[in-house]
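In: Would you be able to build a 3D model of this:
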Amino acid sequence: MTGPSALTIGCYPYDTTRQLFERPVTVDGLDAVVTTAPTLPEIFERTVRGDEFDVAELGLTFYLRLLETGLPFVALPVFPNRVFRHSCVFVNTHSGITGPRDLAGRTIGEFGTYGQDSGVWAKGVLMDEYGFRPERSRWVIGGLERPAAPFDFVPHPHPADVEVTTAPEGRALGAMLEAGEIDALFSANVPQCVLDGSPHVARLFPDHEAVERDYHRRTGVFPIMHAVVVRRDLLRARPGLARALYDLFSRAKDAAADRYREHRRLYQIPTMIPWANALFERAQEEFPEDWWPYGVAANRRTLEAYLRHHHEQGLSTRRLAVEEVFAAELLDT
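Out: As a prediction, the model looks like this:
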């Protein structure tokens with residue numbers, strides 16, 4: 001902590017957290033200093049390596065990997081980042097990959113670590129829906145647009161029968177995919193070659209929105225990437241802090257939802273996206289109540305799916321229960 005009356009919070013400025021950056025924040029009698037970083041891995045690394053943050057956004061797999069080694073943080077059921085991940089699998093168009101079963105025997109890139117949150121979800125969905133087996137492919141870990149070593153601030157577990165190597169020195173995964181040096185790529189971010197319209201790269205699921213909507217209707221799962229964590233010693237010292245933080249992040253998220261509801265009157269004109277209002281109305285049909293729920297009860301099915309995927313992919317030594325992952329005082333949410 002920065003002082004007896006200060007609380008440091010590190011998170012990305014999403015719609016769900018924007019309100020925290022727009023006005024002074026006080027939590028449980030503590031003035032909060034809310035900061036961010038250019039990229040999410042930087043927030044994660046600064047959280048894991050030191051005592052810079054009292055409260056921080058952290059990827060679920062980073063949290064779970066460190067939970068078994070004594071991480072001094074505990075998660076709150078606050079989920080500022082969630083994305084359907086059928087869209088995050090990219091293939092080289094000359095590889096002959098036309099569907100999930102064609103990934104067997106191929107070389108696949110993944111950013112930063114084997115089993116990033118986006119990769120855990122993508123692999124898990126492919127395993128459940130299409131019989132995909134990660135051990136039947138070869139995995140290359142590296143940077144997306146710039147050469148980079150695997151993250152060195154978290155453990156890198158993987159099953160012994162899964163072949164995992166690092167990208168060649170001086171090579172980045174996006175360029176390797178476009179050049180055909182890897183056949184496919186699991187990536188949380190859209191590679192620049194895709195944004196540039198390269199004919200050599202495409203999504204595994206070109207009509208991913210329809211596939212993702214069907215997946216959600218059948219399973220009720222809306223994949224969660226990140227949670228908010230808080231220092232355990234701080235919660236012991238301030239018993240009401242977990243609930244106060246949960247309420248703080250919930251209000252910020254609800255304020256964002258209210259902005260979209262109000263902007264519906266204006267055809268979402270504060271955004272630059274054509275037909276944004278039509279998208280809002282389609283999403284409202286899919287999510288008639290809370291689009292982005294926090295709390296344990298509303299997310300139990302999604303959380304249990306993630307914990308199962310994490311264990312099945314050899315990233316956890318055992319399958320954790322939801323009750324083991326989140327602060328005990330918020331299990332009733």
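
In: which regions of the stretch 1-150 of the chain lie under the pLDDT threshold?
Out: Filtered on pLDDT under 70, the stretch 1-150 of the chain yields the residue ranges 1-5.

In: how does it look with 90?
Out: 1-6, 50-52, 68-71 (pLDDT under 90).

In: Can you show me the helices along it?
Out: 18-22, 40-49, 60-67, 117-130 (DSSP state H, counting those that start in this stretch).

In: out of those, nearest to residue 309?
Out: helix 117-130 (3.1 Å; Cβ to Cβ). Any C-beta I mention is one placed from the backbone N, CA and C, and that applies to glycine too.

In: can you list the helices of the stretch 1-150 of the chain in JSON lines and add distance to residue 284?
Out: Output for the helices of the stretch 1-150 of the chain, formatted as JSON lines (distance: least, Cβ to Cβ, whole Å):
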{"stretch": "helix 18-22", "distance to residue 284": "21"}
{"stretch": "helix 40-49", "distance to residue 284": "28"}
{"stretch": "helix 60-67", "distance to residue 284": "27"}
{"stretch": "helix 117-130", "distance to residue 284": "24"}
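
In: Tell me which of those sits nearest to residue 258.
Out: helix 18-22 (10.2 Å).

In: Tell me which residues are up against the closest one.
Out: 9, 11, 13, 32, 34, 36, 248-249, 251-252, 255-256 (Cβ atoms under 8 Å, 6 or more residues apart in numbering).

In: Name the nearest of those relative to residue 324.
Out: residue 249 (21.3 Å).

In: one step back: go through the contacts of helix 18-22 and single out the one with the most neighbours.
Out: Counting neighbours by other Cβ atoms under 10 Å, the top entry in these is residue 11, with 28 neighbours.

In: How about the contacts made by that one?
Out: 17, 20, 34, 36, 43, 56-57, 80, 228.

In: one more time with 6 Å, if that's ok
Out: Residue 11 sits next to 17, 57 when contact means Cβ atoms under 6 Å, 6 or more residues apart in numbering.

In: quick one: it from residue 58, how far?
Out: 9 Å (Cβ to Cβ, to the nearest Å).

In: With residue 151 instead?
Out: 13 Å.

In: for residue 222, same thing?
Out: Distance from residue 222 to residue 58, by Cβ to Cβ: 19 Å.

In: Which one of the two is surrounded by more residues?
Out: residue 58 (25 against 21).

In: Quick check: bridge partners of the more buried one?
Out: For residue 58, the beta-bridge partners under DSSP bridges are residue 227.

In: Residue 231 is in contact with that one, correct?
Out: No - when contacts are counted by Cβ atoms under 6 Å, residue 58 is not listed as touching residue 231 (11.9 Å).

In: Stretch 166-174: how far from the chain's middle?
Out: How far stretch 166-174 lies from its chain's middle: 23 Å, per Cα atoms, centre = their mean, to the nearest Å.

In: and the longest helix for this protein?
Out: Ranked by residue count under DSSP state H, the longest helix found in the chain is helix 241-263.

In: any low-confidence regions in the stretch 201-333 of the chain?
Out: Looking at the stretch 201-333 of the chain by pLDDT under 90, you get 264-265, 270, 283-289.
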